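Colleague: The following comprises the amino acid sequence and a computationally predicted model.
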Amino acid sequence: MKIQFPPTRIFLLTALLCLPVLAAAGEPKGNLPARESLRIGRFESPGEYVKDFFVIKNGDTYHLFYNVGTADGKQDWMTAGNEESFGHATSKDLKKWRRHERVIPVQGDDWEGKTVSAPSILRTGKGFSMIYTGFDKQAHGCQRIGLATSPDLFHWTRCEKNPVYVGPAWTDWKPGVWADCRDAHVVEHGGKHYLLTMVRHKDGRGAIAIARSSDLKQWKDLGWAIRVKGSPESPVVFTHAGKFYLIVGADVGACYMSESIESNDWKRVDAFKYPPQGFWSGFEVFRDGARYIAAAFEWKYNGNHIDFWELKFDGDKPYVIYTKADVKRNEKGNQERKNNRRPRGAILWSWLRGHANPRRSVARPFRAAPYFMTLSQGCASLRPGLSWRAAMRLGFHGTPLHDSITIRFSPQAAATASASTTRRSVPAFCPWFRAAASLRK
C-alpha cells in the first residue's frame, strides 16, 4: 500500500521540513542551537558496541558495567563472542573513561552459557551484589536471573544457588523455549530487596514482575507493577520526595509513578520524554549526591555510545534536560506538558495523513484485528496485539530491528508474511504500517 498525499499537503509538508534549516541559518553564531545536546557525559568504546548497562558510584569514581560486542554492520547478540561478558569502565566525570577487564563471562552449556545481559548492582554489607540475566545456550532465548558478589567491583563470584529467579507462575515462562525473564533491576528499600523484571503474562502482554527478598537468593512473588501490550524492557526504579518512579523502554517507552514499590497499580506519567533525535534504549537513572542523572544508549551500527543528562522534577513529574529547548520550555513552566496537550508534530502528521482526530487508529485499513510481530533469534512470531510506537520510531530513524521490537500491520499481511524472516532495516521515513512488506522474503 502506498501513501498518496494531495499536492497541497505535499507542498505544505515540504515547506515545513525546510523551516528548521532556514531557522538554523539565521541563528546568531554565538547562541547554542536549540537542538544541540546538553549532555553532561558520554561513553563510547572504539571497536565495540554497548547495550544494556548500569552505573554505580564508589567514592569519587563512577563504575559502568555494560553488554558489549564487536562493532560492525550487524551487532547481533547471537554472533559468537558478542555479549558473552560484561564490559567494565571507570570515570571521575562521566567524560573521560578507562576500560578494565571484562567480568562475569558466560559459562557452561545451560542457563547462562550463551549470553549475560543487563547488570544491576547495589551495595550489600561491605561489598556489592550484581543481578544479571543469563540466556540459555541450549534453548536460545530462555532467560533466567543470576546473582554475583564482589568486594571491590573488579572481582566477582557467582552465587552457588544460581539461577536465583525465573518467571513466576502467572507468566508464560517455561524452560526449553524462548521465555521472557530479563533486564532485572534490583533496589533496596526498608531493609528489603526488590526485583523488577520484564516478563510475559500468560495472556501475551508484557509485564514488570515484582519480587521481594531479604538475601537476594530467595524471592517472593508480589505480582506485577504494570501489564501492557508490547515489551516493557529495561525497567529502572528510583525515588523522589517519597514517591517511586519506574521507567521502561523498548516499544513501551514510558514512566510510571507509585506511592509504594509493592503496588500493583502504578500510574503513568505522561510528562516523561525520550531524546528528540535518534533511537534510544536501556534508560538508567541514578543519584549523584543531590542530583539525578539519566543515561541511555543509542542504537547505531558500527559502534554506538551511552549519553548522560541531568534529570529534574516539575512537582512530581520527572523530565530530562536533553537540549537548550528543554531548558527554555521548563523555564516557562512548560504549559503544554502541564495541560497534557498532544505534541504538535503528532497533530500535524495526523492532519497530513487525512485524519481529523490524532487519537484515532493510525491506519484506517488496519483498525480491525491488528497483529504484531515479535522478532527473536532472527525469526518472527505473530499473535494478536497492538504496538506501533517502536515501529514509528524505527520508520522515522531507519534503525535496524532488534529483539522484542514490534511492528503493526494488517491481518492480511499477517496471513501472507513469512513465518521466519531475517532481520531487516526499515528505510528512513518508511511508514510503520508498511513495515510488514519489507520483512517478507
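Modeller: Sure, I can see it.
Colleague: In the stretch 251-400 of the chain, mark out all the helices, start to finish.
Modeller: Here the stretch 251-400 of the chain has its helices, by DSSP state H, counting those that start in this stretch, at 324-331, 335-338, 344-352, 389-397.
Colleague: distance of D109 from A139?
Modeller: With distances taken as C-beta to C-beta, to the nearest Å, D109 is found 11 Å from A139. The way it works is simple: take the backbone N, C-alpha and C, and place the C-beta from them, glycine included.
Colleague: Between these two, which is the more surrounded one?
Modeller: Taking neighbours as other C-beta atoms under 10 Å, D109 and A139 compare with A139 leading, 17 against 11.
Colleague: excluding its backbone neighbours, what's nearest that one?
Modeller: Nearest non-adjacent residue to A139, counting by C-beta to C-beta, 6 or more residues apart in numbering: G176, 4.8 Å away.
Colleague: Which of the helices or strands spans that neighbour?
Modeller: Using DSSP states H and E, G176 falls within no helix or strand.
Colleague: in the chain, what spans have low per-residue confidence?
Modeller: 1-36, 271, 328-441 (pLDDT under 70).
Colleague: domains in it, as residue ranges please.
Modeller: Partitioning the chain according to automatic domain parsing yields domains covering residues 41-338, 346-439.
Colleague: Run a quick neighbour tally on the residue nearest to A139.
Modeller: By other C-beta under 10 Å, 9 other residues sit near G176.
Colleague: Would you confirm that it contacts H140?
Modeller: No - using C-beta atoms under 8 Å, G176 is not in contact with H140, being 10.8 Å away.
Colleague: For K202, list the residues it contacts.
Modeller: 170-172 (C-beta atoms under 8 Å, 6 or more residues apart in numbering).
Colleague: Just the buried residues of those residues.
Modeller: Among the contacts of K202, those classed as buried by neighbour count (16 or more other C-beta atoms under 10 Å) are 170-171.
Colleague: just the strands in the stretch 51-200 of the chain please.
Modeller: In the stretch 51-200 of the chain, the segments counted as strands under DSSP state E, counting those that start in this stretch are 61-70, 86-91, 97-103, 115-124, 127-135, 143-150, 157-158, 181-189, 192-200.
Colleague: And these: which comes nearest F279?
Modeller: strand 61-70 (16.5 Å; C-beta to C-beta).
Colleague: For stretch 130-139, buried residues please.
Modeller: For stretch 130-139, a neighbour-count test (16+ other C-beta under 10 Å) marks 130-137, 139 as buried.
Colleague: ok, the contacts of K202 vs L195, which is closest?
Modeller: The closest of the contacts of K202 to L195 turns out to be T171 (C-beta to C-beta; 13.7 Å).
Colleague: On the strand side of things, show who that closest one bridges to.
Modeller: On the basis of DSSP bridges, T171 is bridged to H201.
Colleague: Neighbours of N264, how many?
Modeller: 13.
Colleague: Can you verify my assumption that it contacts G223?
Modeller: Yes - using C-beta under 8 Å, N264 makes contact with G223 at a distance of 5.0 Å.
Colleague: how about I306, what does it touch?
Modeller: Contacts for I306 (C-beta under 8 Å, 6+ apart) come out as 42-44, 50, 53, 64, 66, 295-297.
Colleague: One more: E83?
Modeller: The contact partners of E83, by C-beta under 8 Å, 6+ apart, come to 51, 67-69, 77, 115-117.
Colleague: ok, of those, which come out buried?
Modeller: Buried among the contacts of E83 by 16+ other C-beta under 10 Å: 51, 67-69, 77, 115-117.
Colleague: closest to C159 among those?
Modeller: Ranked by distance to C159 (C-beta to C-beta), the buried ones among the contacts of E83 are led by V116 at 13.6 Å.
Colleague: and that closest one, bridged to which residues?
Modeller: Here V116, judged by DSSP bridges, has bridge partners G134.
Colleague: ok, it touching D136?
Modeller: No - with contact taken as C-beta under 8 Å, V116 and D136 are classed as non-touching, separated by 11.6 Å.
Colleague: Leaving out chain neighbours, which residue sits closest to R291?
Modeller: Per C-beta to C-beta, 6+ apart, closest to R291 is E310, 6.4 Å.
Colleague: hmm, back to that, which one of the strands of the stretch 51-200 of the chain lies closest to N302?
Modeller: Minimum separation from N302 across these (C-beta to C-beta) falls at strand 61-70, 10.1 Å.
Colleague: Indicate each strand paired with the closest one and its parallel or antiparallel sense.
Modeller: Strand pairing for strand 61-70, using DSSP bridges, gives strand 48-58 (antiparallel), strand 86-91 (antiparallel).
Colleague: Which positions within the longest one qualify as buried?
Modeller: The neighbour-count check on strand 48-58 (16+ other C-beta under 10 Å) flags 48-56 as buried.
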